[in-house]
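Novice: The sequence and its predicted three-dimensional model are supplied below.
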Amino acid sequence: MVSLSLRTLALAALLALSGAQSLSQQASTPAATFNDAKEIVRRSLEADDRTAELSRNYTYKRYEVRKHLGRNGEVKSSYTKTWDIINLYGEPYARLIQKNDVPLNEKDEKREEQKLEEFFNGRKNESDAIRQKRLAREKKERDAQRAFFRDVVNAYDFRIAGEEAVDGRDTWVIGATPSKDFHPTQPHAGLLSKLKATVWIDKQEGNWVKAEGEVMETLSAGLFIARLHPGTRFALQQARVNDEIWLVRRLSVEAKARVLLVSNRAVELEYTFSDFKKFAVDTKILPATPDTDLK
């Protein structure tokens with residue numbers, strides 16, 4: 001789903017960042033053993049895999065703020081976009097509803113309606129053979145993500161740097177250093193040694209509560225459209241919803257990048273997620289017609 005795709009992107013980036021350096025200010029709790037910390041991280045990735053399945057049952061709003069900065073950090077330009085993320089044919093679909101906090105004009109609204117109609121037609125007219133290929137491709141992507149998570153576990157020597165309460169939840173603060181014996185098995189896994197981060201993992205349920213990371217060495221890989229320079233920072237926050245699932249509520253990136261390998265730019269991105277609603281599996285959403293007003 002489109003909503004999940006961004007969530008997966010956020011987690012993929014920050015799961016890569018889970019090779020956390022030790023906190024500069026640590027709690028007084030004695031450090032746990034290497035195996036304890038590694039097991040906590042491994043279980044947290046398993047918990048996120050289960051969350052990914054549950055998240056397919058949720059709709060929400062996604063709000064993006066993008067800022068382009070000048071050499072001295074001043075904002076040169078900025079814009080915002082708001083999407084409704086809905087569940088169609090068992091997958092998320094993002095419908096743009098606002099630009100710069102203003103509802104879409106007639107031209108943009110028609111464009112979104114056309115995209116939605118094309119999506120419906122594509123799924124309605126999808127042959128069994130094409131559907132099977134699409135499902136196989138999606139399964140392959142999920143399997144690749146799980147394999148990447150295994151590389152994350154093997155890429156670092158983990159340890160517990162402390163304990164901390166975050167939003168009323170007791171968490172482990174996990175630190176790590178890159179393992180000298182690590183050999184990547186997945187594309188992009190080699191970038192793990194170029195990132196550092198701090199990850200707060202919920203003690204009770206094992207999910208990530210938040211994560212913060214920073215690029216230490218220049219990254220240039222297919223995962224990124226731009227080449228990211230040292231100093232690029234990431235932050236992720238999650239929230240527990242309906243007493244059953246952890247969902248991303250905020251993702252921010254302060255990027256120092258060489259966009260398309262042509263020009264250096266500083267960009268700030270912030271995504272916030274809100275209005276989470278559980279999607280009824282028996283609900284049917286139809287394309288707009290003269291008798292059906294789809295909002």
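Specialist: Great, that's in hand. Quick caveat: nothing in here was measured; it's all calculated off a predicted structure. Numbers count the residues shown, from 1 in each chain.
Novice: Flag the shaky bits of the stretch 1-150 of the chain, pLDDT-wise.
Specialist: Applying pLDDT under 70 to the stretch 1-150 of the chain flags residues 1-35, 49.
Novice: And the strands in it?
Specialist: With DSSP state E, counting those that start in this stretch, the ranges of strands along the stretch 1-150 of the chain come out as 58-69, 75-88, 91-99, 102-103.
Novice: Figure out which of these is closest to His229.
Specialist: Set against His229 and scored by C-beta to C-beta, the strands of the stretch 1-150 of the chain come closest in strand 58-69, at 13.4 Å. In this view, the C-beta of every residue, glycine as well, is placed from N, C-alpha and C.
Novice: ok, residues contacting that closest one?
Specialist: 3, 6, 75-87, 94, 241, 245, 247, 265-279 (C-beta atoms under 8 Å, 6 or more residues apart in numbering).
Novice: Quick one: buried ones out of the residues you listed?
Specialist: 3, 6, 81-87, 94, 241, 245, 247, 265-268, 270-273, 276, 279 (16 or more other C-beta atoms under 10 Å).
Novice: could you give me the average pLDDT of stretch 179-199?
Specialist: Mean pLDDT, stretch 179-199: 79.
Novice: give me the number of residues near Val248?
Specialist: 26 (other C-beta atoms under 10 Å).
Novice: strands paired with the helix or strand encompassing it, and their directions?
Specialist: Using DSSP states H and E, Val248 sits in strand 245-259. If you go by DSSP bridges, strand 245-259 pairs up with strand 227-228 (antiparallel), strand 233-241 (antiparallel), strand 263-278 (antiparallel).
Novice: what's in contact with the second one?
Specialist: Counting by C-beta under 8 Å, 6+ apart, the neighbours of strand 233-241 from elsewhere in the structure are 10-11, 13-14, 17, 58, 167, 169, 197, 205, 207-215, 246-254, 276.
Novice: ok, back up a step: of all the strands paired with strand 245-259, which lies closest to Ile174?
Specialist: strand 233-241 (13.7 Å).
Novice: ok, now which ones touch the nearest residue to Asp151 once chain neighbours are set aside?
Specialist: Using C-beta to C-beta, 6 or more residues apart in numbering and skipping the chain neighbours, the partner closest in space to Asp151 is Ala189 (4.1 Å). Taking C-beta under 8 Å, 6+ apart as the criterion, Ala189 is in contact with 16, 148, 151-152, 155.
Novice: Can you say which two of these are spatially most distant?
Specialist: Greatest spacing in the contacts of Ala189, by C-beta to C-beta: Phe148 and Ala155 (10.1 Å).
Novice: Between the two, which is the more surrounded one?
Specialist: Remark: of Phe148 and Ala155, Ala155 carries more neighbours, 24 against 20, as counted by other C-beta under 10 Å.
Novice: Tell me the buried residues within the contacts of strand 233-241.
Specialist: Buried by 16+ other C-beta under 10 Å: 10-11, 13-14, 17, 58, 169, 197, 207-215, 246-254, 276, out of the contacts of strand 233-241.
Novice: Contact partners for the closest residue to Arg95 other than its chain neighbours?
Specialist: Using C-beta to C-beta, 6+ apart and skipping the chain neighbours, the partner closest in space to Arg95 is Asp84 (4.8 Å). Each residue near Asp84 by C-beta under 8 Å, 6+ apart is listed here: 59, 61, 94-95, 97.
Novice: right, and the strands of the stretch 1-150 of the chain - which one's nearest Leu135?
Specialist: From those, taking C-beta to C-beta, the stretch that ends up closest is strand 91-99, at 10.4 Å.
Novice: Give the partner strands of that closest one in its sheet and their orientations.
Specialist: strand 75-88 (antiparallel), strand 102-103 (antiparallel).
Novice: What ranges does the stretch 101-250 of the chain have for its helices?
Specialist: Per DSSP state H, counting those that start in this stretch, the stretch 101-250 of the chain carries helices over the ranges 106-124, 128-155.
Novice: who wins for proximity to Lys38 among the strands paired with strand 245-259?
Specialist: With distances scored as C-beta to C-beta, the stretch of these nearest to Lys38 is strand 233-241 (20.7 Å).
Novice: Return the mean pLDDT over that closest one, rounded to an integer.
Specialist: 91.
Novice: how far off strand 58-69 does that strand point, in degrees?
Specialist: 160 degrees (axes from the mean of the first three to the mean of the last three C-alpha atoms, to 10 degrees).
Novice: With only the CA atoms kept, save strand 233-241 in CSV.
Specialist: In CSV, the C-alpha atoms belonging to strand 233-241 read as follows (Å, rounded to 0.1, in the frame of the first residue of the first chain):
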residue,chain,number,x,y,z
ARG,A,233,20.2,13.3,9.9
PHE,A,234,17.1,11.2,10.3
ALA,A,235,14.5,11.0,13.1
LEU,A,236,11.6,8.6,13.5
GLN,A,237,8.8,8.5,16.0
GLN,A,238,6.1,5.8,16.4
ALA,A,239,2.8,5.7,18.3
ARG,A,240,0.7,2.8,19.6
VAL,A,241,-2.7,2.9,18.0
